[in-house]
Every structure is written in structure tokens, then in C-alpha cells.
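> predicted structure and sequence below. I'll ask about it afterward.
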Amino acid sequence: MTDEPASGAPSALRPDGEGPGRSRVLLLCVIVGLVGLSGVALTAATDRLDSALLFVGVPCLLALGVGLVRGRGGWGTVFQVVTVVLLLASALLQEAAVCVLLAAPLVYGVAALAYGLVRYGERERGSLLALPLLAVVALEGVVPGARVHPDQTATATRVLAPTCAELVTALDRGPRIAPDVDRGRLLHLFPYPTPTAADGTGLERGDTWRLAVAGGTLTTRVVARTARSVDFVVDGDTSRLERWVTVRSGRLAWAGTADGCRATMSIRYERHLDPSLYFGPLTSVFMDAGTEAFLAGLD
């Protein structure tokens, strides 16, 4: 006669027991966490930290590990593991909290999608055929030439002075940037790098301006000047903005209107982060806000 555990009492041999069940979950978290950090280290070693491999491939790998390894893992485990790896990766890569916060919706979304496909695949054959599509997306920015619309343009328009003569005087004086006043609500909430101070030699062709941006300096050079516009290129950028984009060139044009002298600034830049489906619109929103903030320093 064998001893049976009392009804309702958890058994050490049953999957709903406290002992082995928790041990399996802990082991699963350790294994998947190590896999996730290895993926981050691999992207760092191959200089692909700005590619979709980091933001799509790694979370997909994490979710697949949780879904395929048997244990008491579930949706809660997926998000716990992804959260831990996301925070550890942030510390490892020395990313600011705002960068992690902005990338988090993509990472959680991809992990949830991959895990959901694995769970659904246990019931329906062929449902895992969608996983190769995630793999294709994860290669954006990894394979040379496999990028979607990395060159973008930020624009902003603002009435800067009652007359254009006054605006030209202000331009010759140079921007007087007041970050606490000029930055809009979005940039106060998310401290995206924008110029905080400026100094230079003028706005004639060949003149240079140095813009202080978080972590360094962005250096510009005037390449053309007309009565209604100034064109410039960027000769160097040592700021944190370089982690997001490479600013190439820009143009400031103005014209008189009934409301006053209206100026339009356009900034051409290359986006670094992929996939474009997520980071394209996100980068555009912040670059437009940054351009608007810079214009506010010219009034």
C-alpha cells in the first residue's frame, strides 16, 4: 500500500507544487535571462546596437525561450524576464532611462507576439510560419543596405519677429536658447537631446557655430546665405544626439506675413535606430519638437 498525499495538499512531485515548480521557473528565468544578455552582448560586439536585432531579435528570442521550455512559465514570466533583461541591458549599455522607456513598448510588443505565436502553435499547425516574418524584421540594420527610409527631415515653422528686419538682426546676434522656456511639454517630459547654448562667428558663408547639446557639441558651418535664407552643414557631433541620429544639414528660411516674420527650419538627418516601422515615426516626432525648440531660441 502506497502513501498518497492528502487531497488538496501540494505534492513535491506535482507541477502545481511549491518546490520543483518554483525551481523550474527560476531555472527558466536564469537560462532565458542569460540568453537575452548574450544577445545584447553579441549586438554590442558586432556594433549593431542600433539595429532591429537588439529591439526585435533579442526579445523574440526571450519569448521563444519561455514558450518552448516546459515549466510553469506564462505571460507573467515573459514580461518579468523581458523587464529584467531590459533593465540589465540598460545598465550594461549605459543607456539613459528615457531611451529604455521609449524602446520598451516595442520590446514588450515583440515578446508578446512571439510568445503568443508559440502558445497558439501548440494547438494549431502552421501558425509558427509567421515567426520567419519577425526574423526578417529583426535583420533591418544588420544586413548592409537593408534599411527602410533612414534619411529623414525634421521641420518646424514659427513667427519669430514682427518684421523680417528684426529677425535678421536677431540672427546676426545669434540664438539665445533658454531650455526651460523654449522646450515644449514633450521635451520636458522626455529629455531628448537638443541645443542648450550656442556661440559662433556669424552667418556668412564659412562662419561656424557650436551648439552645446547633452554630452558634447554639435558644430555647424554656413555654406550659403541669401536675403531670405541660411544653409548650413554639420561638421561634427560629439553629443548624445549622435546615438539617435546623424544631423547632416539644414536650412532656415523666412518671409513676411500678416502675423509677422514667419521662419521655417528644416533639418536633414539619418536615423540610426531600426526597425523603421517603430523608430521612424518616433524619431520624427522628437526631431520636429527639437527643431521647434531651437527656433524658439531665435525670437
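Structure received.

> now the residue lying closest to Pro179 once chain neighbours are set aside: phi and psi?
Distances taken as Cβ to Cβ, 6 or more residues apart in numbering put Thr196 closest to Pro179, at 4.9 Å, once the chain neighbours are dropped. From N, CA and C alone the C-beta is placed, and that goes for glycine too. Backbone torsions of Thr196, given as degrees, to the nearest 10, read phi -110, psi -10.

> what's the burial count for Thr196?
If you count neighbours by other Cβ atoms under 10 Å, Thr196 ends up with 17.

> for Thr157, see how far away it is.
The gap separating Thr196 from Thr157 is 22 Å, by Cβ to Cβ, to the nearest Å.

> likewise Arg176?
Distance from Arg176 to Thr157, by Cβ to Cβ: 20 Å.

> one more: Thr83?
Thr83 is 41 Å from Thr157, where distance means Cβ to Cβ.

> over to Ala146?
Distance of Ala146 to Thr157, computed by Cβ to Cβ: 34 Å.

> again with Ala224
20 Å.

> these two: which has the busier surroundings?
Neighbour count, other Cβ under 10 Å: between Ala224 and Thr157, Thr157 has more, with 15 against 12.

> helix or strand for Tyr120, which one?
Following DSSP states H and E, the helix or strand that holds Tyr120 is helix 97-121.

> which parts of stretch 177-187 are buried?
177, 179, 182-183, 187 (16 or more other Cβ atoms under 10 Å).

> so Ala146, which state does it fall into?
Secondary structure of Ala146, reduced to three states by DSSP: H, G, I helix; E, B strand; the rest coil: coil.

> run through the strands of the stretch 101-250 of the chain in chain order.
Taking DSSP state E, counting those that start in this stretch as the criterion, the stretch 101-250 of the chain carries its strands at 151-161, 197-200, 208-213, 216-225, 229-237, 245-257.

> can you show me the CA trace of the very next helix or strand once past the longest one as CSV?
Beyond strand 245-257 in the direction of the C-terminus, DSSP H and E gives the next helix or strand as strand 260-271. Included here for strand 260-271 are C-alpha records, laid out as CSV according to Å, rounded to 0.1, in the frame of the first residue of the first chain:
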residue,chain,number,x,y,z
GLY,A,260,4.9,88.9,-38.6
CYS,A,261,8.1,87.3,-40.0
ARG,A,262,7.5,83.6,-40.3
ALA,A,263,10.6,81.3,-40.3
THR,A,264,10.8,77.7,-41.4
MET,A,265,13.6,75.5,-40.4
SER,A,266,14.3,72.1,-42.0
ILE,A,267,16.9,69.6,-40.7
ARG,A,268,18.1,66.7,-42.7
TYR,A,269,19.3,63.7,-40.7
GLU,A,270,20.0,60.0,-40.8
ARG,A,271,18.1,57.9,-38.3
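
> next, the angle from strand 260-271 to strand 151-161.
Here the directions of strand 260-271 and strand 151-161 differ by 160 degrees (axes from the mean of the first three to the mean of the last three Cα atoms, to 10 degrees).

> mind listing what's buried along strand 260-271?
Within strand 260-271, the residues that qualify as buried are 260-269, 271, counting by 16+ other Cβ under 10 Å.

> got it, and stretch 100-110?
For stretch 100-110, burial by neighbour count (16+ other Cβ under 10 Å) applies to 100, 102-103, 106-108, 110.

> so Tyr108 makes contact with Val82?
Yes. Using Cβ atoms under 8 Å, Tyr108 is in contact with Val82, at 6.2 Å.

> what packs against the helix holding Tyr120?
For helix 97-121, the packing partners by 3 or more Cβ pairs under 8 Å, 6 or more residues apart in numbering; DSSP states H and E come out as helix 58-68, helix 75-93, helix 131-138, helix 276-296.

> weakest of these in terms of mean pLDDT?
With a mean of 55, helix 58-68 has the lowest mean pLDDT of these.

> tell me the phi and psi of Thr194?
Dihedral angles of Thr194 (phi, psi; degrees, to the nearest 10) stand at phi -140, psi 160.

> state the distance from it to Arg173.
Taking Cβ to Cβ, one finds Thr194 at 20 Å from Arg173.

> again, but for Gly250
Noted for Gly250: a distance of 19 Å to Arg173, by Cβ to Cβ.

> name the residue in these two with the higher neighbour count.
Neighbour count, other Cβ under 10 Å: between Gly250 and Arg173, Gly250 has more, with 21 against 10.

> contacting residues around that one?
Counting by Cβ atoms under 8 Å, 6 or more residues apart in numbering, Gly250 touches 220, 231-232, 234, 265-268.
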